[in-house]
Structures are given as structure tokens and as C-alpha cells.
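> What follows is a predicted protein model with its sequence.
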Amino acid sequence: MCTVTTLLATFTLLVCARADSVTLTDGKVFQGTFVEAAAGHITLQIDGRSKRRFKLDQIVSIHFDHAEPGASLSPIEKKYRALMNSAHPLGNPSAEEQETADQRGRYRKYQNGVIYYTPQTGAFAMQGMIAERWLSLGAERSELGYPTADEVIWPDGRHVMLFEHGAVFWDGREEPVVEIRAH
């Protein structure tokens with residue numbers, strides 16, 4: 001959807017908006033352009049001028065439409081672009097962004113991994129043995145829940161990735177070890 005706006009009667013601005021939407025617990029649906037996600041809230045630009053902040057505990061679902069040229073990027077696309085020059089690139093997208101089975105988040109598959117996102121946890125890339133182990137456990141529906149941090153390598157050489165309810169550790173040789181926190 002594009003709108004033409006005239007500024008000061010001399011400049012015309014073509015604004016192409018996306019149809020991102022947020023569904024609230026009371027059933028109301030707001031459409032606009034995704035602006036940001038931060039701890040405790042997300043922000044949509046509703047009508048091209050005003051922004052509206054939604055608390056996470058009010059949100060039932062979030063839908064990101066496909067970006068048009070010049071449109072803002074989804075949190076997954078922002079994460080992907082931030083990682084493009086990293087030591088472990090994900091490669092090209094191999095699928096479109098999709099809603100997770102529990103409808104709490106979104107994900108997108110790449111040649112060498114995947115990025116998962118929820119408003120509560122943020123966007124995090126997964127690949128290799130830790131990702132394979134998490135997926136084999138049921139991914140976001142597993143006892144671990146969603147990722148809450150990118151994979152890091154500890155000084156002892158172990159790879160570690162944190163999740164909502166635990167962590168996965170991998171020493172590079174054996175099968176990754178899963179640790180579940182009591183909740």
C-alpha cells in the first residue's frame with residue numbers, strides 16, 4: 001500500500017507502508033509498520049504519522065508482512081543483516097519468514113541455520129549441533145522454550161546457547177548436553 005503526501009506544496013513524498021499487524025488480548029487488531037521491539041513492548045507506526053506502543057502482555061499475536069522497498073525491516077531481517085559479516089554466516093534465506101507452531105513467535109530458515117524471534121525474547125540465530133539438538137527436542141515447544149541469547153564460546157572451548165528455561169552446551173566432540181532450569 002502506497003500513499004502520496006505533499007510537503008509544503010512543493011515536495012511529494014511516496015510512502016510505501018507494510019501491513020504489519022498486532023492482535024491484542026481483547027481481540028482488537030492494529031495495522032501499521034513495525035518500528036521497534038524492546039524489553040516489554042513493541043512499537044508500530046499506525047497511520048504514517050503516529051506511533052503506538054503495545055505492552056507484550058497485551059499481545060496475542062504479531063504478523064509481519066513482506067517488506068516493500070524502503071519499508072522497515074522485521075526483527076529477523078535486522079538480525080540477519082547484523083550477522084552477514086560474522087564468522088559463522090547463515091547463508092541465503094531458504095524460506096520465507098513464518099509463524100511458529102505456538103503462534104508466539106516467528107522464524108526464518110537459511111542455508112546454514114535459522115533465526116527465531118519473539119517479542120519477549122528478541123531475535124537469535126541458531127546453527128550447527130546446538131540448533132540440531134534443540135530442533136530434535138521440539139524446538140520452541142520443547143522444555144527449553146525459545147532462545148534468549150546467541151551462541152557463545154566459553155574460554156574452555158564449550159559452545160553455549162541460553163534458552164527461556166535452560167541451556168544447551170556442546171564441547172565440539174560429544175552430543176550437546178541439555179540443562180533444564182526448574183520453572
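Thanks, I have it.
> so what's the residue nearest the centre of the chain bridging to?
Centroid-nearest residue in the chain: Tyr117, 2.6 Å away (criterion: C-alpha atoms, centre = their mean). Assessed by DSSP bridges, Tyr117 has beta-bridge partners Arg106, Ala123.
> in terms of contact, does it touch Ala125 like I think?
No. With contact defined as C-beta atoms under 8 Å, Tyr117 does not count as touching Ala125 (10.2 Å). Just so you know, the C-beta spots here come from the backbone N, C-alpha and C atoms, and that holds for glycine as well.
> Spell out which residues are contacts of both of those two.
In terms of C-beta atoms under 8 Å, 6 or more residues apart in numbering, Tyr117 and Ala125 are both contacted by the residues Lys79.
> tell me the contacts of Ala131?
Going by C-beta under 8 Å, 6+ apart, Ala131 touches 113-114.
> Quick check: which element contains it?
Using DSSP states H and E, Ala131 falls within helix 128-137.
> mind checking how far the helix or strand just after that helix is from the chain centre?
Remark: after helix 128-137, the chain's next helix or strand is strand 152-153, criterion DSSP H and E. Centroid separation between strand 152-153 and its chain, computed with C-alpha atoms, centre = their mean, to the nearest Å, is 20 Å.
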